[in-house]
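Q: The sequence isn't on hand, but the structure is:
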């Protein structure tokens, strides 16, 4: 009496939109990961939970294209967190800046609401977005640009070695 079951093949996994590392793709692109995909990068998730100022500082340095340092932005974030609890206003500004640079939609809701309600998830998503666009956030803006200029090679010369033991 029941209709026969259709034999469906599972859909291929969605791998996301190809990323344009320069951010000038012209059209709106989707975020490479969702807001609640924090556990996709457990190391960053833990860092953001225990010390969000570090994650924010790294994001801010890349978003500002090196004009402010990770340490300066992170310290200001920590001061706002410690004294006012309104650090989300500062980080909200950078989410808006990041979205404008990479033509990303304001989803799942406006940037203000995302940072007010889900501060740590928003920071993790922004960190993953930059990482998925080819940035190594641990080395900062200038070394990322140097690597890109050298075709992805990290160092241009071998390190200097000290001499052996001397009498």
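A: Cool, the structure landed. Quick caveat, the model's predicted, so the values are computed rather than measured.

Q: Contact partners for the residue nearest the centre of the chain?
A: In the chain, the centroid-proximal residue (Cα atoms, centre = their mean) is residue 127; its distance is 1.8 Å. Listed by Cβ atoms under 8 Å, 6 or more residues apart in numbering, the contact set of residue 127 reads 41, 44, 48, 55, 58, 59, 137. Where you see a C-beta, it was placed from the backbone N, CA and C, and this is true even at glycine.

Q: same question, residue 121
A: 35, 36, 38, 114.

Q: what's the distance between the third one and residue 79?
A: Applying Cβ to Cβ, to the nearest Å, one obtains 25 Å for the distance of residue 38 from residue 79.

Q: Those two: which has the busier surroundings?
A: Relative neighbour count places residue 38 above the other of residue 38 and residue 79, with 23 against 13, counting by other Cβ atoms under 10 Å.

Q: Residue 37 reaches residue 128, doesn't it?
A: Yes - the criterion here is Cβ atoms under 8 Å, and residue 37 meets it with residue 128 at 7.2 Å.
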